[in-house]
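> need a structure here:
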Amino acid sequence: MMQADEPKPPWEKTALIKALGVAGLAAVAGFASVYVTLGRPDNGPRPAASAPAVQSTEAPAPSGPGRNALSQGQMAAFVFRPARGDLPEVKFEDATGKARTLADWKGKVVLLNLWATWCLPCRKEMPALDRLQQEMGSEAFEVVALSVDRTGLAGARKFLDEAKVAKLALYADPSARMGSTLRTAGLPATLLIDREGREIGRLLGPAQWDGEDARRLIRWALQS
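Numbers count the residues shown, from 1 in each chain. Sure thing, here's the model as predicted:
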């Protein structure tokens, strides 16, 4: 039997060196695996950044008095239709007695004002409508003031002369059916109509049609 203090044979020394080498490699590999797993979180691939949500910039459609910047001040009673609708075809007369319909103004924005010779509020607001036509009347916009009583063209002409109207053209519906056809409750009644002949909205009762609130509404209609 070999004694403890005797020198080891060469083959045992070689085996011991190999064993130490394998253990060292295993330790290095283990350390490396621990770094990848527990190292800094930015070692792995970064997730792709998501695009920011696009915010809509479309303004909500006007819908009712006081609910938008256009139904304010003198136009607070102006009521927008939820959706623009075609108007029924109704006939009336111009100053020469020629039959006309609203289709004759297609391509223009129209402010259709229904009035009567016996209507005192109509007489009060007529000069403002005349000034609006003078200031903003063009190939793109016109105020159409239409008399809807049975005095016809003669009564309407006298009324406009007394009101000293200079820029409004003469139109009359001697049948007096326009108001009921367009379902207006009383006079005056004013409808704003787009270039396609569709009603944008209406205002029942008198208003200061040459004021800034009305001009803002008309400018919006011309751009919409």
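> hey, let's count contacts and neighbours off CA atoms from now on
Fine.
> for residue 215, what are its contacts?
With contacts defined as CA atoms under 8 Å, 6 or more residues apart in numbering, residue 215 is in contact with 132, 209.
> tell me which residues of the host helix or strand of it are tucked away?
According to DSSP states H and E, residue 215 maps onto helix 212-223. Across helix 212-223, burial judged by 16 or more other CA atoms under 10 Å covers 213-215, 217-218, 221.
> please enumerate the helices of the chain.
Using DSSP state H, the helices of the chain run over 10-38, 120-136, 152-162, 178-181, 212-223.
> could you give the angle of the third one to helix 120-136?
In other words, helix 152-162. 70 degrees (axes from the mean of the first three to the mean of the last three CA atoms, to 10 degrees).
> let me see the mean pLDDT of helix 152-162.
Averaged over helix 152-162, pLDDT sits at 96.
> contacts made by that helix with the rest, please.
Counting by CA under 8 Å, 6+ apart, 93, 95, 97, 116-117, 147, 170-174 sit against helix 152-162.
> so which of these sit within strands?
In strands, defined here by DSSP state E, the members of the contacts of helix 152-162 are 93, 147, 171-172.
> for residue 207, state which of the residues you listed is nearest.
Checking the ones in strands among the contacts of helix 152-162 against residue 207 with CA to CA, the nearest one is residue 147 at 17.1 Å.
> who does the closest one bridge with?
Note on residue 147: beta-bridge partners by DSSP bridges are residue 115, residue 172.
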